[in-house]
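In: The amino acid sequence is not available; the structure is as follows:
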């Protein structure tokens, strides 16, 4: 058994994206190899912290992929710096900020690890568990090189006996066994997920089914295909979507039987991709697009899939005649024909009937393209709408339009090699954050904001025109210090890296009151989002407790709190039923047209905390999954649907125009 004298360690990291307080905590073996040396920050478990304080410089460690599709040992590393205070604990903007820790009295510590080498053969947890279950410590013949000593050492590893601790000791014999496995491999033919034989009654039932009619068998197969995303035995272990809406989703047998179905897993039709990561979701009035990372052969690439209304070309010209899609279909865009060969998908966004895609290239600047309607200058190409009014013939050689920025001037900076950092869209306007290459001028900014579309209410800054069909500079306060921003119907909100809010646009419905209230209180606001006529902010108090504050229209109970008088309507704190439970904290916010979703963690240890999704507001389309269409005035839990689903890992939440989207994966 492992002892305190061990000079070997195992440390876990998450290779897949997971957003905590608006930041991605992903750290894969690719990331580790790239940076070479990294502080092991963010550990908030006392036992794991104490183990790191025992580590000595030069000691060796296993780098382990955790909380992912295939957990296991991916690389070898060395301790390059012994334990020192984890400064991220007193960083308000860090995902693992702890108000009880400070520089004078640090509570948490970390070490530095330096990358040594990748494991020649990735050693999966499933293999180690298989070996731990071997009777009499006899290795399978394919792994005879381990010997009984190696199998016995694996049986006593904390990884298979305790599992969840993020920092673990590794005994010397176990270290040698892992080295053998990583070097020699040889388990490709092993069944690492042996299934138990079904009981006799089940066999009899299956035989009866086989002897039944052909029609029954076909019906069973059809049902199986419809449920393929939900099957435990799916060989791709794809991430899944729960769509809490009665629009843009396929009809299932369960829906036909139960009119009040609360949620469904979405369909990718007959040619489903092998999804490795769901990067983003963007929703228009009646269309949805997904930015996916998918596996093809031995590598991954990015694809865009869409569903819903495509009549305005928002899903590409190929589907314009089809009208709409009830299952997701891959968008085929002829990039090479437009001189965009070698570009890959980077970001997505959508307004009412228009889609935006940002493309990136290893050696060139980013490109933004648009598809669909141009009713309010949405396409950003100068006004197809006005040309149509004049009776000019509209020619569409491609199914998308390239948005140009070369007419703009920003302190001499060039736009030909720009990088798009972020894109946010309201109902009819778009704002993008650009990073520009810097000329030899100290006065020029590295970041600027550019926008187009509807501008009548000042949501794009001061403008003499109600519609801006071409990109224009958006003069936001301290553009270089803006960390995130969000667009509503008639307003745009910016959040600085010190937690200060600023705004552009209309306050007719009190949607800017959150900004006015918190603009003078730095380092407290962690995230901001906009519905059409409201503003929502995650705010952390001095004790580290996160709350949601809102202001704006409450026509559909979307504020999450109820004003008591006509005067008491400017700003309020969203009241959750669990407010007395300090174990729960809000970490992510998603705003739809007039409803809101939040991701909540229950427990102080983020690596093992239970995830829940709560929502409130407009529910006319069943987008809050209540089983009816009544508006929801106070937050309710919408995910997981059952108490036994706590092991499902939420990878992202999104809210659209009468629809809600939750991406999840079964945690191992």
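Out: Received, thanks. Quantities reported herein were computed from a predicted structural model and do not represent experimental measurements.

In: Can you show me the helices along this protein?
Out: Listed in chain order, the helices of the chain (DSSP state H) span 29-35, 46-54, 125-132, 147-155, 158-161, 172-184, 200-210, 214-226, 253-257, 384-389, 513-518.

In: Compare the mean pLDDT across these and name the weakest.
Out: Sorting these by mean pLDDT places helix 253-257 lowest, at a mean of 37.

In: Show me the shaky parts of the stretch 201-350 of the chain.
Out: Residue ranges of the stretch 201-350 of the chain with pLDDT under 70: 201-271, 321-325.

In: tell me which residues in stretch 284-296 are buried?
Out: Residues of stretch 284-296 classed as buried by neighbour count (16 or more other C-beta atoms under 10 Å): 284, 285, 286, 287, 288, 289, 290, 291, 292, 293, 294. In this view, the C-beta of every residue, glycine as well, is placed from N, C-alpha and C.

In: now, which of these sits nearest residue 661?
Out: residue 288 (7.6 Å; C-beta to C-beta).

In: which residues does that closest one contact?
Out: 248, 281, 282, 306, 307, 308, 350, 656, 659, 661 (C-beta atoms under 8 Å, 6 or more residues apart in numbering).

In: Can you tell me who it pairs with across the strands?
Out: residue 283, residue 307 (DSSP bridges).

In: Please tell me how far it sits from residue 63.
Out: 37 Å (C-beta to C-beta, to the nearest Å).

In: before we move on, what about residue 487?
Out: Taking C-beta to C-beta, one finds residue 487 at 40 Å from residue 63.

In: which of the two has more neighbours?
Out: Using other C-beta atoms under 10 Å, the more surrounded residue of residue 487 and residue 63 is residue 487, with 29 against 25.

In: Let me know the distance separating the more buried one from residue 535.
Out: For residue 487, the distance to residue 535 - C-beta to C-beta - is 11 Å.

In: same question, residue 71
Out: Relative to residue 535, and taking C-beta to C-beta, residue 71 is found at 40 Å.

In: Who has more neighbours out of the two?
Out: residue 535 (28 against 21).

In: and the residue lying closest to the more buried one once chain neighbours are set aside, what is it in contact with?
Out: Excluding the flanking residues, the one nearest residue 535 by C-beta to C-beta, 6 or more residues apart in numbering is residue 514, at 4.4 Å. Going by C-beta under 8 Å, 6+ apart, residue 514 touches 493, 501, 528, 535, 536, 537, 549, 550, 551, 571.

In: Can you give me the distance of residue 514 to residue 597?
Out: For residue 514, the distance to residue 597 - C-beta to C-beta - is 18 Å.

In: ok, now residue 410?
Out: The separation that residue 410 has from residue 597, given C-beta to C-beta, amounts to 36 Å.

In: what's the answer for residue 436, then?
Out: Counting by C-beta to C-beta, the separation of residue 436 from residue 597 is 34 Å.

In: between those two, which one's more packed in?
Out: Neighbours per residue (other C-beta under 10 Å) separate residue 436 from residue 597, with residue 597 holding more: 27 against 23.

In: thought that one was touching residue 613?
Out: Yes. Counting by C-beta atoms under 8 Å, residue 597 touches residue 613, with 5.9 Å between them.

In: Many thanks, have a good one.
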